[in-house]
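[1] fold the stuff below for me.
(2 chains)
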Amino acid sequence: MSNEITYNKEILQVEHLTNYYDDNSLGIFEERKRKKVLDDVSLTIHNDEFFGLVGESGCGKSTLANAILGLIPYEGSIKINGTLRTPKNGKEFTRLVQAVFQDPLSALDPRRTIGFTMREPLRVHKIGTAKEQIAAVHRMLDAVGLDASYADRYPRELSGGQRQRVCIGASLMLQPPLLIADEAISALDVSVGAQILNLFNEIDAGADFAMLFISHNLNVEYYFCDRIAVMYRGQIVEIGTAEDIYQHARHPYTKLLLSAIPDFKPPAEDAFPHQELETSREDVPGACAFYHRCPHAGPGCLHKPEMVQASDPEFKEHFVRCVMYGDTAKQGSQPLRPADISSQI
Amino acid sequence: MLYLFSAALFLPQAGIQACPGMGIIMNNNSSNKNTGEVLLQIRDLSIGIHEAGGVYTAVDSISYDVYAGEILGVVGESGCGKTVTNLAIMGLLPDVLFVKGGSILYKNRDLNAIKPAERALLNGDEMAMIYQEPLTSLNPLMKIGKQVGEPLRIHHKLPKEKIRERVIEVLGDVDLPDPEEIMERYPHQLSGGQRQRVMIAMAAITRPRLLIADEPTTALDVTVQAQILQLLKRLNRKYRTSIIFISHDLAVINQICDRVIVMYAGKIAEVGTTRMIMDSPAHEYTKGLIRSIPTMDQKGSDLHCIPGHVPSTTDDKLPCPFADRCTIGEAVCRKEAPPCLEIEPGHIVYCHCVSGQRQ
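    Next comes the predicted model:
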C-alpha cells in the first residue's frame, strides 16, 4: 500500500470482456434483443496489488467478478498467471482464483462443520494426507483470528464477523494468487467490517496475493485499495491509483459519485452541491455511457469515447473514458472543457 | 377503561425511574433550535423477545424524547434494538416481540395501551413509516396514484377530485417529474429511487406529525441516497414533521439529523446533538464506531476497530453491555448498570468512566 507503483508481474489480465443478457421484457413477436452488461472491459491486476472496483448497483461489478470466476459465459479473454481460461480448465482455475461473497451465512453449508468446509478445497485437489489437511485448517483458522476449536463448530454458532473470517480462510486454503472480495464487508456491522479490513491487510503482509475488491462504498475503496476502476453501465469509465481517482477525478461520473459520499463534516444548510453535477436527458444508443446524466455533454459525446490518458503527464496510470480529455480534447473538438471542471471537487 | 388504567399504572412509575438527566433536557430548550415542544416521550421502555425457547430482552429500559419538528437519528449496529423500538412506537411489533414495560406517550396518551381502533386512526395519519426496501412495501397491483392517495381516502374521506389534487401536489413535492403520468404507473415500472420517493409521498400526504424512516437509503445507490436525504430534510422544514431517522451509517446520520441517539445491545449509550456526538463523543462505543469508519485521511494507517463482536439477543448481558469490548472499562462496569450522566446541556452519556466535568 505505498504510493510508489512498482509493478510486479501481472496476475489477472482481462481483455475485451463482454457479456450479454437476454432482454425478456419484450412481446413474443418482437425480435429478441440482447443487452450488454459488460461492454469491452479490459483491466490488469498485478501481483500483491489491491484493486478496487466501484460503481452503482447494476453497473456490472458482480458480473465481472462472476465472469472471472467462470460462473457465467462471456466473450473476450481472461488470463490468470498467464493461463487462459477455457471451458475445460475450470478445476485448474479454482486454484488460481477464489472469492469471498457478501453474505457469509449463505456461503457456508449449514450442515457441515467449519473444519469440513475449510478442508474441502484440499480434499478436492487431493493435497496432502488427512492429517496434513487438518493441520492446514487449524493453521488457517489461526491466521484469520479464530482458533482450532472452531473447526468442530457449525456456521449457525458463529457471529457474522466470525463467519466471514471462515469464508476468507476457506478461500485462501489453496493459496490462490487472486482473491475476489465481492462486497465482502457490506453485510457486516461497521465495527466488524473494520476488523475484516484489518484482517485482509494482516494476511496480505504474510502472503502474496492480489485482490479484486468490489464495493459500492467509496471511502472503503479509497482506504483499502492501491488502484481503483470506476464502472458505469458495464464500462470502465476511469481507472487510476486511489489518489488519482479521489484527488484528481476526471470523469464527470466519478465526480458525481465523490460528491455524493456522506462525510463527517457539518453539512451546509440545504446545500447539496452534487446536484449541479448531474442532469437528465434522453438516452441515445451508441453514445457515451454517461451521456444521459452528464452536465457537460455535447455533440462530441454521441460516439462512445476511447479510454485516454488523463491529460496531466504526472498521472501515468490514470485513464479516463471521456471526450474532454486526451488528444481529441486538444484538437478542440466538442465539447469544450469548462474552466471550472477541476475546481468542482 | 383499559387506557385509563394503564396510564395510571405507568405514569407515576415513569416519573420515579426516569433518568435525572432526562428532566434537564426536557426543560432545557435553549440549546435546541426547535421550539422544544415534546412530541413523543419514551420512558423506561422494555421490549422482550421469544427466541430459541426462552424469553430475552431486546430493548432494556430506554427513555428519550422526540421534539416537534426535529430530525432525530437513531444509530447502532444490528440487534441494538433501534428498529424494534420504533416498531413499538407504531404498534407494529411482530408476534415474537412484546412490550414488557414502560410507556410511549404521544399527546399524553400511552400508545402501549390504546385500543386497536384508536391506533388505526393514528397510523398513516399522524404517524407514518417508510422502510428500507420500497418494492416490498408497495402494492404491486395498485397504481401509484391510488396508493399514494389511500391515506387521505381512509383517514380524511375527501372527495376523489380533492385527493387527486393532493396526490399531484405531494408527488411534485418529492421531485417526481410529471406527477400525472407517474400516477398511472405501477411500482415495477419505477426505479429504486423513484419508488422510495413514492413511499415518502405516501407517508407525507397526510402531513403527519411523526415520520419514522427505517434505513430509508440503505438499499439505494450513493447518488440517489444524497437526493433522498435532501428530500427528507426539505419535507421536515416545510411541514415541520418530526422524523426519526434510523440508520447504521453515522455519516448519513451526520448529513441529516439534528440530534442523535446511539444505541448498543438494547440500551442507549449516548444522546446529544449531532455536533456533540460527531465532534466530541463521550461514550467509548461512539468513539470506536466513528473511528472504525474509513475516511479519506486515514489511508495507509491501520483502521481502528472495536475488539470482539456485537452480543446477540440471547447472550447474557453485563450491566453495561459494552463492558466486554470497552478499553477503559473498570470492575464496576460488570457489577452495576451505568449511570445517566449529563456532561453538558443536552449531551447525555450512560457510562461509569466518563466524568461530568467537560464543558
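[2] helix or strand for the residue nearest in space to the middle of chain B, which one?
    Residue closest to the average C-alpha location in chain B (C-alpha atoms, centre = their mean): B:Ile244, at 3.8 Å. Assignment of secondary structure by DSSP states H and E places B:Ile244 within strand B:242-247.
[3] counting contacts, what elements does whichever helix or strand comes after that strand pack onto?
    Using DSSP H and E, the next helix or strand after strand B:242-247 towards the C-terminus is helix B:250-256. Here helix B:250-256 touches strand B:71-75, helix B:222-239, strand B:242-247, helix B:274-279, going by 3 or more C-beta pairs under 8 Å, 6 or more residues apart in numbering or on different chains; DSSP states H and E. Every C-beta, even on glycine, is put in place using the N, C-alpha and C of the backbone.
[4] quick one: the longest one to strand B:71-75, angle?
    Inter-element angle recorded for helix B:222-239 and strand B:71-75: 140 degrees (by axes from the mean of the first three to the mean of the last three C-alpha atoms, to 10 degrees).
[5] how about residues contacting helix B:222-239?
    A:56, A:216, A:218, A:256-257, A:259-262, A:270, A:272, A:274-275, A:278, B:69, B:71, B:173-175, B:192-193, B:196-197, B:200, B:204, B:207, B:211, B:213, B:216-217, B:220, B:241-243, B:245, B:252, B:255-256 (C-beta atoms under 8 Å, 6 or more residues apart in numbering or on different chains).
[6] now with 6 Å?
    A:256, A:260, A:272, A:274, B:71, B:174, B:193, B:196, B:204, B:207, B:217, B:243, B:255-256 (C-beta atoms under 6 Å, 6 or more residues apart in numbering or on different chains).
[7] for the residues you listed, which one is nearest B:Leu39?
    B:Ile243 (10.9 Å; C-beta to C-beta).
[8] relative to chain A, how far out is that closest one?
    In this view, B:Ile243 and chain A are 15 Å apart by C-beta to the nearest C-beta, to the nearest Å.
[9] does that residue touch B:Leu211 like I think?
    Yes. Using C-beta atoms under 6 Å, B:Ile243 is in contact with B:Leu211, at 4.8 Å.
[10] what about the residue lying closest to A:Ser280 once chain neighbours are set aside, neighbour count?
    Using C-beta to C-beta, 6 or more residues apart in numbering or on different chains and skipping the chain neighbours, the partner closest in space to A:Ser280 is A:Arg293 (6.5 Å). Using other C-beta atoms under 10 Å in any protein chain shown, A:Arg293 is surrounded by 18 other residues.
[11] show the pLDDT at the residue nearest to B:Ile256 when sequence neighbours are not counted.
    Distances taken as C-beta to C-beta, 6+ apart place B:Leu229 nearest to B:Ile256, at 5.0 Å, with adjacent residues excluded. Per-residue confidence (pLDDT) for B:Leu229: 91.
[12] neighbours of B:Leu229, how many?
    23.
[13] measure it to A:Lys79 for me?
    43 Å (C-beta to C-beta, to the nearest Å).
[14] from chain B, how far out is A:Pro176?
    From A:Pro176 to chain B the distance is 24 Å (C-beta to the nearest C-beta).
[15] let me redo that: A:Phe101
    18 Å.
[16] I'd say that residue and A:Leu71 touch.
    No. The criterion here is C-beta under 6 Å, and A:Phe101 misses it with A:Leu71 at 11.2 Å.
[17] those helices in the stretch 1-150 of chain B, which residues are they?
    B:2-17, B:20-27, B:82-90, B:116-122, B:134-137, B:144-155 (DSSP state H, counting those that start in this stretch).
[18] what average pLDDT does the fifth one get?
    Model confidence over helix B:134-137, given as mean pLDDT, is 86.
[19] tally of neighbours for B:Asp178?
    The burial count for B:Asp178: 9, using other C-beta under 10 Å.
[20] any idea how far chain A is from it?
    For B:Asp178, the distance to chain A - C-beta to the nearest C-beta - is 12 Å.
[21] got the phi/psi numbers for that residue?
    Torsion angles at B:Asp178 (phi, psi; degrees, to the nearest 10) stand at phi 60, psi 60.
[22] gap between it and B:Val198?
    Counting by C-beta to C-beta - B:Asp178 and B:Val198 are separated by 13 Å.
[23] what of A:Gly115?
    A:Gly115 is 49 Å from B:Val198, by C-beta to C-beta.
[24] again with A:Gly55
    25 Å.
[25] stretch A:148-163: how far from the chain's middle?
    Taking C-alpha atoms, centre = their mean, to the nearest Å, one finds the center of stretch A:148-163 at 27 Å from the center of the full chain.
[26] state the mean pLDDT of that stretch.
    The model assigns stretch A:148-163 a mean pLDDT of 89.
[27] run through the helices of chain A in chain order.
    A:61-68, A:90-94, A:104-107, A:114-124, A:130-143, A:160-172, A:190-206, A:218-224, A:242-247, A:252-260, A:327-330 (DSSP state H).
[28] dump those helices into a markdown table; add mean neighbour count and distance to chain B as well.
    Listed next are the helices of chain A as a markdown table, based on neighbours: other C-beta atoms under 10 Å in any protein chain shown; distance: least, C-beta to the nearest C-beta, whole Å:
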| stretch | mean neighbour count | distance to chain B |
| --- | --- | --- |
| helix A:61-68 | 22 | 12 |
| helix A:90-94 | 14 | 30 |
| helix A:104-107 | 17 | 13 |
| helix A:114-124 | 19 | 16 |
| helix A:130-143 | 16 | 16 |
| helix A:160-172 | 24 | 5 |
| helix A:190-206 | 19 | 4 |
| helix A:218-224 | 22 | 3 |
| helix A:242-247 | 20 | 6 |
| helix A:252-260 | 24 | 4 |
| helix A:327-330 | 14 | 25 |
